[in-house]
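Engineer: Sequence plus the predicted model coming up.
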Amino acid sequence: MPTSPRAQRTDFALDVTGRYTCNGLDEVMASVALGGRPFDLIVIGGGSFGGALAQELFSNDQAQVHRILVLEGGPLALPEHVQNMPLQWLGVPPPPTSIAQLRSQGLDGRPRAEIWGLAWHSSTLFPGLAYCLGGRSLFFGGWSPQLLDEEMPTGAPAPSRWPQAVVNDLKNRYFAESAAQIGTEETNDFISGDLQNALRQTLLTGIDNGAIAAAIPLANLPDHPVLRRHPNANAATLRQFLGNPAGAGGLQLQDLKNLLKLEAPLAVQGQTLPGFFPFNKFSSLPLLMKAARTAQNGANNDTRKRLMVVPYCHVTRLQVQGGRITAVETNQGAVPVPADGKVILALGTIESARLALNSFAGLPGAARIGQNLMAHLRSNLTIRVPRNTLAGLGAAPANLQTAALFCKCRHQFAANDFGYFHMQITAAGLGALGTDSEAELFKKVPDIDTLDRFATASDTRVVITIRSIGEISHRIRTVSFAKIRRSIPCSATSGPSCSCSRRSETTLCGRPWTRPPMKPRWSWPAAAPTRFRFRTSLRPLPPSPPGRPHRRSALAPSAAMAWAPPTTRPALCGWATTRTRQ
């Protein structure tokens with residue numbers, strides 16, 4: 001069915017945002033068939049990374065030598081971060097679960113909270129993935145701490161060494177650029193008040209007195225990013241950055257800098273240059289939408305449009321001939337890749353590896369796909385403490401107050417052998433509960449998945465949640481994948497609807513599946529094959545020189561399941577078992 005050229009009406013709305021941001025795949029194909037250049041940069045996935053990358057590639061292409069295509073399996077559901085919206089969307093993200101649990105309740109095979117779905121089996125319950133443009137950047141808490149130098153070791157004694165060139169690029173350019181783009185270069189001016197000041201001072205005192213044994217001494221941590229632009233800031237300026245807390249007048253310059261180091265590194269911009277509106281909580285979708293509209297405004301028609309975004313386009317496989325990608329298979333047909341084209345996987349850790357495993361099997365280096373999975377452990381502790389036990393905290397405020405702090409920690413296993421973790425500390429306290437308290441809390445608490453815990457705050461009690469996140473030690477043999485299955489989803493729809501939980505190679509889903517012959521909707525001349533590469537580093541894509549497109553593919557190193565079948569076999573949603581032992 002051809003894409004409607006006009007914004008479509010639903011029972012309640014006119015989809016102006018979707019029509020003026022996105023294109024159908026038929027429009028993409030027609031733009032080339034009518035004389036437009038083929039798309040030489042194809043980004044698979046329009047979520048947190050894919051949307052930001054597409055905008056960066058588009059903005060850096062000053063010579064306008066590239067055409068960029070973004071293929072996203074889900075819809076355009078929200079235009080920006082959910083906490084920036086006037087509505088209070090409760091139940092997002094949905095509660096943690098598993099495919100097996102949903103199946104036992106008869107709830108499998110359908111999206112949760114409209115756009116959330118589980119793409120793999122796991123013994124650990126989790127909310128799943130957000131299948132939409134912007135992905136989980138529309139819902140994340142915003143915590144974006146910068147890696148320390150010691151977390152990126154390059155020397156020989158380190159068990160896992162980072163490439164020196166990667167570390168240099170991150171420190172000399174990309175950390176600062178990303179901090180400026182997402183808002184972590186500024187202090188949290190939107191979180192201030194007595195509660196923030198009291199807990200920040202309490203945390204500082206505890207670290208200085210050795211009460212937090214694993215805390216890295218603040219003197220060993222880099223200064224807050226705001227001081228990059230104010231390297232010569234005096235004490236008065238630092239107190240202003242801190243919100244002029246009571247009792248800070250007598251603190252020395254270094255003590256004030258240490259207080260700044262405890263500010264939560266949240267991707268939020270509360271104020272900006274004069275004449276501009278701040279973007280509030282960061283997500284990648286506004287960047288992508290702006291790039292798409294800029295591309296439209298700079299073109300007379302689709303044949304000259306340099307960036308096109310296609311939702312509901314589920315990529316299932318990459319066609320490879322002679323070690324080169326020649327086409328991208330989707331649920332709407334195949335998209336050819338020109339000889340000089342590049343395909344970038346931006347589907348997240350598991351899905352990117354799944355697609356690569358299915359597409360590149362048997363090619364040199366393919367056995368490395370799915371190795372070196374980088375995993376982290378997370379735990380939450382929520383407590384309620386009497387308000388009068390917190391030093392420096394005055395009488396109950398008339399309105400809701402929140403606090404957000406950050407503590408970087410390190411555990412020593414042996415000489416020159418450390419493990420790193422950090423604590424994200426959030427708190428809420430208020431006066432008598434009012435009718436708008438829950439809605440206000442929804443906007444003020446960084447992590448909306450902890451909203452229910454803070455709803456018990458009162459005028460006499462402060463609720464504090466400590467979320468600890470740490471790396472898995474290299475001495476634990478993690479992610480030893482016992483079984484990796486090749487499979488496809490049980491239905492023709494995208495991820496959220498796919499929740500097969502059978503694990504038997506004989507019975508599987510109980511629904512046999514035969515791959516139909518490929519019948520593209522459009523006829524194309526034979527496309528020259530495309531060279532591709534794997535890169536398992538974390539090096540960002542630099543700007544492309546004029547006339548020379550990127551030759552790197554962004555492929556997250558991870559372990560996963562496959563998602564492409566042989567010609568005939570029963571359907572099975574991929575699964576993998578993990579074993580962790582000393």
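Structural biologist: Looks like it arrived, so ask away. Model, not experiment: these values are computed from the prediction.
Engineer: okay, and for the stretch 51-200 of the chain, where does confidence drop off?
Structural biologist: 88-91, 158-159, 188-189 (pLDDT under 70).
Engineer: in it, which spans are helices?
Structural biologist: 99-104, 164-169, 175-182, 194-208 (DSSP state H, counting those that start in this stretch).
Engineer: so which of those helices gets nearest Ala327?
Structural biologist: Among those, the nearest to Ala327 by C-beta to C-beta is helix 99-104 (30.5 Å). The way it works is simple: take the backbone N, C-alpha and C, and place the C-beta from them, glycine included.
Engineer: picking that back up, okay, the helices of the stretch 51-200 of the chain, which one's buried deepest?
Structural biologist: helix 194-208 (a mean of 20; mean count of other C-beta atoms under 10 Å).
Engineer: My read is that Arg6 contacts Arg19, right?
Structural biologist: Yes - taking contacts as C-beta atoms under 8 Å, Arg6 lies within contact range of Arg19: 6.9 Å.
Engineer: before we move on, back to that, closest to Arg467 out of the helices of the stretch 51-200 of the chain?
Structural biologist: helix 194-208 (14.5 Å).
Engineer: Skip ahead from the closest one and say which helix or strand is next.
Structural biologist: Per DSSP states H and E, helix 194-208 leads on to helix 226-229 as the next helix or strand towards the C-terminus.
Engineer: quick one: average pLDDT of the helix or strand following that following helix?
Structural biologist: Using DSSP H and E, the helix or strand that follows helix 226-229 in sequence is helix 235-241. On average, the pLDDT along helix 235-241 is 87.
Engineer: Not counting helix 235-241 itself, show me its contacts.
Structural biologist: With C-beta atoms under 8 Å, 6 or more residues apart in numbering as the test, helix 235-241 has contacts from 187, 224, 226, 230, 233, 245, 248-249, 251-253, 256-257, 259-260.
Engineer: follow-up on the earlier one: so which of Arg6 and Arg19 has more stuff around it?
Structural biologist: Per other C-beta atoms under 10 Å, whichever of Arg6 and Arg19 has more neighbours is Arg19, with 16 against 9.
Engineer: so the more buried one sits in a strand?
Structural biologist: No - secondary structure of Arg19, determined by DSSP: H, G, I helix; E, B strand; the rest coil: helix, with no strand assignment.
Engineer: for it, what are its contacts?
Structural biologist: 4, 6-8.
Engineer: May I see those residues arranged in CSV, with secondary structure and distance to Asn388 as well?
Structural biologist: Output for those, formatted as CSV (DSSP: H, G, I helix; E, B strand; the rest coil; distance: C-beta to C-beta, whole Å):
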residue, secondary structure, distance to Asn388
Ser4, coil, 62
Arg6, coil, 62
Ala7, coil, 56
Gln8, coil, 57
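Engineer: among these, which two are most distant?
Structural biologist: Most distant of those, by C-beta to C-beta, are Ser4 and Ala7, 8.0 Å apart.
Engineer: got the phi/psi numbers for the residue lying closest to Leu34 once chain neighbours are set aside?
Structural biologist: Nearest residue to Leu34 in three dimensions, chain neighbours excluded: Thr303, at 5.2 Å (C-beta to C-beta, 6 or more residues apart in numbering). Dihedral pair for Thr303: phi -70, psi -20, per degrees, to the nearest 10.
Engineer: Quick check: Thr303 touching Gly36?
Structural biologist: Yes - using C-beta under 8 Å, Thr303 is in contact with Gly36, at 3.5 Å.
Engineer: Share the number of residues neighbouring Arg9, please.
Structural biologist: 10.
Engineer: Tell me the bridge partners for it.
Structural biologist: Leu14 (DSSP bridges).
Engineer: Next one: Gln164 from Glu151, what distance?
Structural biologist: Separation of Gln164 from Glu151 (C-beta to C-beta, to the nearest Å) stands at 15 Å.
Engineer: Ok, Glu471 next?
Structural biologist: The value you get for Glu471 to Glu151, if C-beta to C-beta is used, is 8 Å.
Engineer: again with Val70
Structural biologist: When C-beta to C-beta is the yardstick, Val70 and Glu151 sit 31 Å from each other.
Engineer: Tell me which of these two has more neighbours.
Structural biologist: Val70 (32 against 14).
Engineer: before we move on, the earlier item: mark which of the contacts of helix 235-241 are part of strands, please.
Structural biologist: Using DSSP state E, no member of the contacts of helix 235-241 sits in strands.
Engineer: Quick check on these: which are buried?
Structural biologist: 187, 224, 226, 233, 245, 248, 251, 256-257, 259-260 (16 or more other C-beta atoms under 10 Å).
Engineer: Identify the farthest-apart pair in the residues you listed.
Structural biologist: Val226 and Leu251 (17.1 Å).
Engineer: isn't Phe139 right up against His81?
Structural biologist: Yes - look at Phe139 against His81 with C-beta under 8 Å: they come within range, at 7.4 Å.
Engineer: What residues does the residue lying farthest from the centre of the chain make contact with?
Structural biologist: Here the centre of the chain is the reference, and by C-alpha atoms, centre = their mean the most remote residue is Gly250, at 41.1 Å. Applying C-beta under 8 Å, 6+ apart to Gly250 gives no contacts.
Engineer: for the residue nearest to Gly470 when sequence neighbours are not counted, what are its contacts?
Structural biologist: In this structure, Gly470 finds its nearest non-sequential neighbour in Phe421, 3.0 Å apart by C-beta to C-beta, 6+ apart. Applying C-beta under 8 Å, 6+ apart to Phe421 gives the contacts 214, 409-411, 468-471.
Engineer: ok, of these, which come out buried?
Structural biologist: For these, a burial check counting by 16+ other C-beta under 10 Å picks out 214, 409-410, 468-470.
Engineer: just checking, Gln196 touches Ala246?
Structural biologist: No - with contact defined as C-beta under 8 Å, Gln196 does not count as touching Ala246 (11.8 Å).
Engineer: any idea how far Met29 lies from Gln296?
Structural biologist: 18 Å.
Engineer: for Asp223, that is, sorry about that
Structural biologist: In terms of C-beta to C-beta, Asp223 sits 42 Å off from Gln296.
Engineer: Look at those two and report which has more neighbours.
Structural biologist: Gln296 (18 against 14).
Engineer: and the strand or helix carrying the residue nearest to Gly470 with helix 194-208, angle?
Structural biologist: Phe421 is part of strand 417-429, with elements assigned from DSSP H and E. On the basis of axes from the mean of the first three to the mean of the last three C-alpha atoms, to 10 degrees, strand 417-429 is oriented at 150 degrees to helix 194-208.
Engineer: Contacts only, for the residue nearest to Gln401 when sequence neighbours are not counted.
Structural biologist: Leaving aside its sequence neighbours, Gln401 sits nearest to Leu195 (C-beta to C-beta, 6+ apart; 4.1 Å). By C-beta under 8 Å, 6+ apart, the contact set of Leu195 is 393, 397, 401-403, 427-429, 462.
Engineer: If we use 6 Å, what do you get?
Structural biologist: With contacts defined as C-beta atoms under 6 Å, 6 or more residues apart in numbering, Leu195 is in contact with 401, 403, 429.
Engineer: Can you get me a residue count around the last one?
Structural biologist: As a burial measure, the neighbour count of Gly429 was computed by other C-beta under 10 Å and equals 29.
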